[in-house]
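**Student:** I would like the atomic coordinates for the input below:
(chains A and B)
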There are 2 protein chains.
Amino acid sequence: MAKNSDISASVIKRLPRYYSYLEDLIEENVERISSKELAARMKTTASQIRQDLNCFGGFGQQGYGYNIKALHNVIGSILGVDKEYKTIMIGAGNLGKAVTSQISFEKKGCRLTAIFDIDPDIIGQTVAGIKVLSIDELEEFCKENLPSIAVLCLPKNNAFSVAKKLIDLGVKSFWNFSHFDLNLHFDNIIVENVHLGDSLLTLTYKTKNK
Amino acid sequence: MAKNSDISASVIKRLPRYYSYLEDLIEENVERISSKELAARMKTTASQIRQDLNCFGGFGQQGYGYNIKALHNVIGSILGVDKEYKTIMIGAGNLGKAVTSQISFEKKGCRLTAIFDIDPDIIGQTVAGIKVLSIDELEEFCKENLPSIAVLCLPKNNAFSVAKKLIDLGVKSFWNFSHFDLNLHFDNIIVENVHLGDSLLTLTYKTKNK
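**Tutor:** The predicted structure follows:
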């Protein structure tokens, strides 16, 4: 089997999608699937799938298809779903609440351990089973608990100062919904930006050109 | 200038990102930018940018960089931001509310005209300046107003029946937050799926392999 470092960036980029399709198939109690069937589901080509998944060794047998559970396990482990990265969320407004209700953090290798907000009406609310703390408690919490990942569900204007504080406190990874370009202002951090607007614009383009 | 049909799918995929970066630059009152500077911002290469943007004709002048406003206009018009596609949203819970507060629909070529929910506590609330209607009013509304785009902010279990109804009523484009695989069940529709979980998994992977 290939080591992680042998897997190309473009394959890595597609792994979460494979992982999620395989999860759906497990839920449907499907045990094996051919590259052709998987390609039809994923709107890609069988050869692309074979090429991508061959990196992970003998999970596809000609004529038998892929062993879904085994492949799901391997990809999950490459992605790090077995990790328990301490994760905090900044912002528990509609966006923060929506994210916690949409995402099973523990299935993505993250453990949501605290949520912070600046709004007195939101502080003290229970979100995803966690009591929302005041942003004033952020520093003490981080010093004690050393979270690895921060989810930024706060407005653009507040993002710089909060991110700076978090970076000073040792947070290196950001799941960024804030529309603030962290990479432009900070080095040596890991950022995954969520650009919902890009997704809608793509739909508009496709609608226009259908 | 190239016709839309001459622009490759991979360039099209990157257009919303260019558009959004150019928008930020306009907000910062920057008038011109070189491919090198834009590449540094976007964490890509200058040659990739030159190659992509050359499709649109003479907006880059050697030594002068790109005329940001002009390029922004052209890309916006290719994407269809000047359209006013009638858009409806199904689901006005935390997710629906978060989407309306995050997204300027009219800047993406969409006009949000109605919001529907099934929950009596949510029906009648005002979200994004629009009074939330009962899902029971969906059919009549669609017959009268012929919306083009539906934003699905509802749980996976309800997505099939609502999507089927909408397709029967003539809706062809879906911005899908529901985790339900519309493409698997319906043909000849345009779907843009939002996979927040994939984004978090990518962050986990990067955190693990930093």
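**Student:** Excluding chain neighbours, give the residue nearest to A:Ile118 in space.
**Tutor:** Leaving aside its sequence neighbours, A:Ile118 sits nearest to A:Ile135 (C-beta to C-beta, 6 or more residues apart in numbering or on different chains; 4.8 Å). In short, each C-beta sits where N, CA and C put it, glycine included.
**Student:** OK, contacts around that neighbour?
**Tutor:** A:90, A:116-118, A:162 (C-beta atoms under 8 Å, 6 or more residues apart in numbering or on different chains).
**Student:** Now go through those and say which are in strands.
**Tutor:** If you go by DSSP state E, these have A:90, A:116-117 in strands.
**Student:** After the least confident helix or strand in chain A by mean pLDDT, which helix or strand is next?
**Tutor:** Lowest on mean pLDDT, DSSP states H and E among the helices and strands of chain A sits strand A:60-61, with a mean of 62. Next along the chain after strand A:60-61, taking DSSP states H and E as the criterion, comes strand A:65-67.
**Student:** CA atoms only: put the helix or strand following that following strand into CSV for me.
**Tutor:** Downstream of strand A:65-67, the next assigned helix or strand under DSSP H and E is helix A:68-79. Coordinates of the C-alpha atoms in helix A:68-79 are reproduced here as CSV (Å, rounded to 0.1, in the frame of the first residue of the first chain):
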residue,chain,number,x,y,z
ILE,A,68,-16.6,-1.1,0.7
LYS,A,69,-16.0,-1.4,4.4
ALA,A,70,-12.3,-2.1,4.0
LEU,A,71,-11.8,0.8,1.6
HIS,A,72,-13.8,3.1,3.9
ASN,A,73,-11.6,2.2,6.8
VAL,A,74,-8.4,2.8,4.9
ILE,A,75,-9.5,6.1,3.5
GLY,A,76,-10.8,7.2,6.9
SER,A,77,-7.5,6.4,8.5
ILE,A,78,-5.6,8.3,5.9
LEU,A,79,-7.9,11.3,6.5
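**Student:** if we can go back for a sec, need the ones in strands among the contacts of A:Ile135 in a markdown table (columns: distance to chain B and pLDDT).
**Tutor:** Putting the ones in strands among the contacts of A:Ile135 into a markdown table (distance: C-beta to the nearest C-beta, whole Å; pLDDT from 0 to 100) gives the following:
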| residue | distance to chain B | pLDDT |
| --- | --- | --- |
| A:Ile90 | 15 | 98 |
| A:Phe116 | 17 | 98 |
| A:Asp117 | 14 | 98 |
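**Student:** ranking those by neighbours, who comes first?
**Tutor:** A:Ile90 (26 neighbours; other C-beta atoms under 10 Å in any protein chain shown).
**Student:** can you give me the strands for chain A?
**Tutor:** A:32-33, A:60-61, A:65-67, A:85-90, A:110-117, A:126-127, A:130-131, A:133-134, A:149-152, A:173-176, A:190-193.
**Student:** Relative to chain B, how far out is the residue most central in space within chain A?
**Tutor:** Centroid-nearest residue in chain A: A:Lys108, 6.5 Å away (criterion: C-alpha atoms, centre = their mean). Going from A:Lys108 to chain B by C-beta to the nearest C-beta, to the nearest Å gives 5 Å.
**Student:** show me what contacts the nearest residue to that residue once chain neighbours are set aside?
**Tutor:** Spatial nearest neighbour of A:Lys108, chain neighbours left out: B:Leu200 (4.5 Å); criterion: C-beta to C-beta, 6+ apart. Residues near B:Leu200 by C-beta under 8 Å, 6+ apart: A:103, A:105, A:108, A:110, A:175, A:192.
**Student:** from the residues you listed, which is closest to B:Lys43?
**Tutor:** Nearest to B:Lys43 out of the contacts of B:Leu200 is A:Glu192 (C-beta to C-beta; 12.3 Å).
**Student:** Just give me the neighbour total for that closest one.
**Tutor:** Around A:Glu192 there are 21 residues (other C-beta under 10 Å).
**Student:** Am I right that it is in contact with B:Leu203?
**Tutor:** Yes. Between A:Glu192 and B:Leu203 there is a contact under C-beta atoms under 8 Å: 3.9 Å.
**Student:** Need the residues touching each of those two.
**Tutor:** If you check A:Glu192 and B:Leu203 against C-beta under 8 Å, 6+ apart, the residues they both contact are A:173-175.
**Student:** And the pLDDT at the residue sitting furthest away from the middle of chain A?
**Tutor:** Within chain A, A:Gly63 marks the point farthest from the mean C-alpha position, 33.5 Å out by C-alpha atoms, centre = their mean. A:Gly63 is assigned 72 on the pLDDT scale.
**Student:** With A:Trp175 instead?
**Tutor:** Residue-level pLDDT assigned to A:Trp175 equals 98.
**Student:** Quick one: residues contacting it.
**Tutor:** Counting by C-beta under 8 Å, 6+ apart, the residues that A:Trp175 touches are A:149-152, A:192, A:194, B:199-200, B:203.
**Student:** Tell me who's in contact with the residue lying closest to it once chain neighbours are set aside.
**Tutor:** Closest residue in space to A:Trp175, ignoring its immediate chain neighbours: A:Val151 at 4.5 Å, by C-beta to C-beta, 6+ apart. By C-beta under 8 Å, 6+ apart, the contact list for A:Val151 reads A:87-90, A:96, A:99, A:112, A:174-175, A:177.
**Student:** Could you chop chain A up by domain?
**Tutor:** Taking automatic domain parsing as the domain assignment, the ranges for chain A are A:4-78, A:85-198.
**Student:** how near is the closest residue to A:Pro155 other than its chain neighbours to B:Asp117?
**Tutor:** Distance criterion C-beta to C-beta, 6+ apart; nearest residue to A:Pro155, sequence neighbours excluded, is A:Ser178 at 6.8 Å. Going from A:Ser178 to B:Asp117 by C-beta to C-beta, to the nearest Å gives 27 Å.
**Student:** Now the phi/psi pair for the residue nearest to A:Pro155, please.
**Tutor:** A:Ser178 adopts backbone torsions of phi -90, psi -10, taken as degrees, to the nearest 10.
**Student:** How many residues are close by it?
**Tutor:** Neighbours around A:Ser178, by other C-beta under 10 Å: 25.
**Student:** returning to that earlier point: just curious, which of the contacts of B:Leu200 is nearest to B:Lys156?
**Tutor:** Using C-beta to C-beta, the contacts of B:Leu200 come closest to B:Lys156 at A:Ile103, 13.6 Å.
**Student:** Confirm for me that that closest one is in contact with B:Asp198.
**Tutor:** No. Using C-beta under 8 Å, A:Ile103 makes no contact with B:Asp198, being 10.6 Å away.
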